[in-house]
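Participant: need a structure here:
(chains A and B)
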Amino acid sequence: DTAVSQTPKYLVTQMGNDKSIKCEQNLGHDTMYWYKQDSKKFLKIMFSYNNKELIINETVPNRFSPKSPDKAHLNLHINSLELGDSAVYFCASSQRETGGDSPLHFGNGTRLTVT
Amino acid sequence: DAKTTQPTSMDCAEGRAANLPCNHSTISGNEYVYWYRQIHSQGPQYIIHGLKNNETNEMASLIITEDRKSSTLILPHATLRDTAVYYCIVRAPRPTGTASKLTFGTGTRLQVTL
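Facilitator: Numbering: from 1, shown residues only, chains lettered A, B, ... in the order given. The predicted structure is shown next:
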């Protein structure tokens, strides 16, 4: 019954590697997001897709590339991982905006550790 | 989107009401007030939102002042499971096909104790 699910839950990898995080939502939402929570617990938006179209890109390095094969999935691929990429990455989804009352539903996060 | 100010931390005894304040003095007329919480090691969880009127759901009540410059989230009977960081966010509606940047501040760390 998980509404927004992310895999893997934990990801430990070495610098320079390429890795992907997958996200799927079964809520029928049109919009999906990636957020990053750093070691100081600040949550910052990275990307947003609406119906497979990129609509928010928040000054994220080109090494990060989101991919949305369909509106229920938004995957995050990271190239040439760096130590500073270590964080918890959250996927979220929301219904199409129709007046401002469309809450975001978050997954439980992927804890990425780069060594 | 307007900025919000919340106390860094609060304590509440189990079974008592937890009242979490939020100031949003620069809120615009079309901006909603949203509350989320993040329990340790989990993703943020939507609690409630409102525009002008007070709102209540199965989780909490939201009281918005008449001038809309502040609000209070009320958990009527706090339990240990309500220990979390609570975020108050103001957010304007966006045109269909676009998305809003839900901007999280530092929130209030609520500790519910026995």
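Participant: Beyond the strand or helix carrying A:P69, next helix or strand please.
Facilitator: Following DSSP states H and E, one finds A:P69 within strand A:64-70. The helix or strand immediately downstream of strand A:64-70 is strand A:73-78, counting by DSSP H and E.
Participant: Mind giving me the packing neighbours of that next one?
Facilitator: Using 3 or more CB pairs under 8 Å, 6 or more residues apart in numbering or on different chains; DSSP states H and E, the elements in contact with strand A:73-78 are strand A:19-25, strand A:31-37, strand A:43-50, strand A:64-70, strand A:87-94. Yep, even glycine has a C-beta here, placed from its N, CA and C like the rest.
Participant: which residue sits closest to residue 45 in space, ignoring its chain neighbours?
Facilitator: Just so you know, I chose chain A. Excluding the flanking residues, the one nearest A:I45 by CB to CB, 6 or more residues apart in numbering or on different chains is B:K101, at 4.9 Å.
Participant: should've been chain B
Facilitator: In space, B:Q45 is closest to B:R37, 5.4 Å off (CB to CB, 6+ apart).
Participant: what about A:V60, how many residues close to it?
Facilitator: Residues within reach of A:V60, counting by other CB atoms under 10 Å in any protein chain shown, total 18.
Participant: try A:N75
Facilitator: As a burial measure, A:N75 scores 19 neighbours (other CB under 10 Å).
Participant: now do A:N26
Facilitator: When neighbours are counted by other CB under 10 Å, A:N26 registers 12.
Participant: Need the three-state assignment for whichever residue of chain B sits closest to chain A.
Facilitator: For chain B, the residue closest to chain A is B:P93, as judged by CB to the nearest CB, at 2.8 Å. Remark: B:P93 carries the secondary structure label coil [criterion: DSSP: H, G, I helix; E, B strand; the rest coil].
Participant: can you pull the contacts of the spatially most central residue of chain B?
Facilitator: Closest to where the C-alpha atoms of chain B average out (CA atoms, centre = their mean) is B:W35, at 2.8 Å. B:W35 is in contact with B:20, B:22, B:46-49, B:60, B:62, B:73, B:86-89, counting by CB atoms under 8 Å, 6 or more residues apart in numbering or on different chains.
Participant: Cheers, nothing more for now.
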